[in-house]
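J.: generate coordinates for the sequence data below:
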Amino acid sequence: MKRLLGLFPWLALAAFAQPAGTVKPTVADTITLHAYADNWCAIFVNGKLVAADAIDFLPHNQISVRILPEYPLTIAVLAKDNAAPASGYEYGDRIGDAGFILRLGDGTVTDARWKAKAFFRGPLGTGPNGPVVERIPLPDRWYAPDFDDRAWEFATEYPAERVGPDGDYVAADFAGARFIWTGDLNLDNTVVLRTTVAAPRGHAKRWNTVPDLDVTQLPAEILPVAAAGAGAGQLANLSTRAMVGLDDAAVIPGFVLAGGTSRSVLVRAVGPGLARFGVGGLLADPVLTVQRGGAPVGANDNWQEGGGGAAVAAAAQRAGAFPLEAGSRDSALVLTLEPGAYTFRVEGAARGTGVALVEVYVLP
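T.: Numbering: from 1, shown residues only. Prediction:
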């Protein structure tokens, strides 16, 4: 040993780097997590993102990762079916189905004891101007262990034959698990699934260390909406294009600004400005209203009117948005918003209808 230390003095440093009594985890302490979603999912364990499907929707993709279990263990999953945001249909006019299944190496499986809630549903019928969809903003920190999901419904189990898994799905990896979703496998397109797992009987934590690596802010660092309030990033472009109809068929997307400070945002309803991109059937004169809790906080009809045109043009340049043409009837606002949930109502002046693009930028 002395000869080794003489040849490699760093061995002596390594020997004294770990305090006496310190027990670190090893690979043998980890367990395997298998998950499969029709069509996509992101998985959080104890508030930390541990896996996300790297392939958007097709081919269906099984995820297998190793995790270090720290009990009680809260699993939260954001799962999405392949569905067009404006209509809820997939591949034009089809209504798709969904499904999610998971199994951990400690025996934890998906079943009807999980909680489930839908946040994007459709198509829910056809209005005067096309399919109707329903959107609910995701609640703040839906992935956190202390999030209160007690009012949510329990998940519904589905047989594998109903979901029809394909791609690289390996049934043997999910022994004892059931496919789950909300109560509507066809119309609920974005759902959150949650459960909390107690330590298995006889489990004893072998290690006594905690990591020095800080990943507690990871959701804020990689999810732009959450980062907007914390200064860890910015929202590049949140947008949706849809048919704007009359009355209840107006387009009303939602947006949640997280964090503890107010932020400046650029909000636009673009109708005529889409002509340059070859879009037909445009809304000739969109009217934009921003609301919080049902109360309007700003409105615009024609982006250069009302004295805000210069601010809108400058904000678009800062955000990297395509410019609006001078004199166009597109609508836009620059607002300073406090953290919270907002909706953006877009309708046509003089009860006009047509296609419009709604955009939100959190300004740098």
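J.: can we go C-alpha only for contacts and neighbour counts from here?
T.: OK.
J.: show me where the stretch 151-300 of the chain has its helices.
T.: Remark: helices assigned in the stretch 151-300 of the chain by DSSP state H, counting those that start in this stretch are 160-163, 218-222, 224-230.
J.: quick one: buried residues of the shortest one?
T.: In terms of neighbour count (16 or more other Cα atoms under 10 Å), helix 160-163 has its buried residues at residue 163.
J.: for residue 131, list the residues it contacts.
T.: Residues in contact with residue 131 (Cα atoms under 8 Å, 6 or more residues apart in numbering) are 86-88, 122-125.
J.: let's see 7 Å
T.: Each residue near residue 131 by Cα atoms under 7 Å, 6 or more residues apart in numbering is listed here: 87, 123-125.
J.: mind putting the residues you listed in CSV, distance to residue 315, secondary structure and pLDDT included?
T.: Listed next are the contacts of residue 131 as CSV, based on distance: Cα to Cα, whole Å; DSSP: H, G, I helix; E, B strand; the rest coil; pLDDT from 0 to 100:
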residue, distance to residue 315, secondary structure, pLDDT
87, 30, coil, 84
123, 35, coil, 90
124, 36, coil, 87
125, 38, coil, 81
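J.: please pick the buried ones from those residues.
T.: With neighbours counted by 16+ other Cα under 10 Å, those contain buried members at 87, 123.
J.: same list (the contacts of residue 131) but as a markdown table, adding distance to residue 349.
T.: Below are the contacts of residue 131 laid out as a markdown table (distance: Cα to Cα, whole Å):
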| residue | distance to residue 349 |
| --- | --- |
| 87 | 23 |
| 123 | 26 |
| 124 | 26 |
| 125 | 25 |
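J.: now, among the contacts of residue 131, which is nearest to residue 252?
T.: Checking the contacts of residue 131 against residue 252 with Cα to Cα, the nearest one is residue 87 at 13.4 Å.
J.: ok, and the closest non-adjacent residue to the closest one?
T.: Leaving aside its sequence neighbours, residue 87 sits nearest to residue 131 (Cα to Cα, 6 or more residues apart in numbering; 5.3 Å).
J.: now residue 288
T.: Distance criterion Cα to Cα, 6+ apart; nearest residue to residue 288, sequence neighbours excluded, is residue 346 at 4.9 Å.
J.: the one you found pairs with what?
T.: residue 251, residue 288 (DSSP bridges).
J.: that one touches residue 251, doesn't it?
T.: Yes. Residue 346 lies in contact with residue 251 (Cα atoms under 7 Å); the separation is 5.2 Å.
J.: hang on, the earlier thing: where among the helices of the stretch 151-300 of the chain is the average confidence lowest?
T.: For the helices of the stretch 151-300 of the chain, mean pLDDT drops lowest on helix 224-230, to a mean of 40.
J.: got the CA coordinates for stretch 112-121 in PDB?
T.: In PDB, the C-alpha atoms belonging to stretch 112-121 read as follows (Å, rounded to 0.1, in the frame of the first residue of the first chain):
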ATOM      1  CA  ALA A 112     -56.800   2.700 -10.400                       C
ATOM      2  CA  ARG A 113     -55.300   4.100  -7.200                       C
ATOM      3  CA  TRP A 114     -53.500   6.800  -9.200                       C
ATOM      4  CA  LYS A 115     -55.100  10.200  -9.600                       C
ATOM      5  CA  ALA A 116     -55.800  11.700 -13.000                       C
ATOM      6  CA  LYS A 117     -57.000  15.000 -14.400                       C
ATOM      7  CA  ALA A 118     -57.400  16.300 -18.000                       C
ATOM      8  CA  PHE A 119     -56.200  19.700 -19.100                       C
ATOM      9  CA  PHE A 120     -56.900  19.600 -22.900                       C
ATOM     10  CA  ARG A 121     -60.000  17.900 -24.200                       C
END
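J.: which residues touch that stretch?
T.: Stretch 112-121 has contacts (Cα under 7 Å, 6+ apart) with 88, 133-138, 152-157, 181-182, 187-195.
J.: quick check: which element contains residue 76?
T.: strand 73-80 (DSSP states H and E).
J.: need the residues that contact whichever helix or strand comes after that strand.
T.: Sequence-wise, the next helix or strand downstream of strand 73-80 (DSSP H and E) is strand 99-104. By Cα under 7 Å, 6+ apart, the list of residues contacting strand 99-104 from outside reads 31-38, 109-110, 163, 174, 177-181, 185.
J.: and the average pLDDT for the helix or strand just after strand 99-104 is what?
T.: Later in the chain than strand 99-104, the nearest helix or strand by DSSP H and E is strand 115-121. Strand 115-121 shows a mean pLDDT of 94.
J.: so what strands line up beside strand 115-121?
T.: Here, using DSSP bridges, strand 115-121 pairs with strand 134-135 (antiparallel), strand 153-154 (antiparallel), strand 188-197 (antiparallel).
J.: need those strands in TSV (columns: distance to residue 267, mean pLDDT and mean neighbour count).
T.: Putting these into TSV (distance: least, Cα to Cα, whole Å; pLDDT from 0 to 100; neighbours: other Cα atoms under 10 Å) gives the following:
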stretch	distance to residue 267	mean pLDDT	mean neighbour count
strand 134-135	19	86	17
strand 153-154	35	98	18
strand 188-197	24	96	23
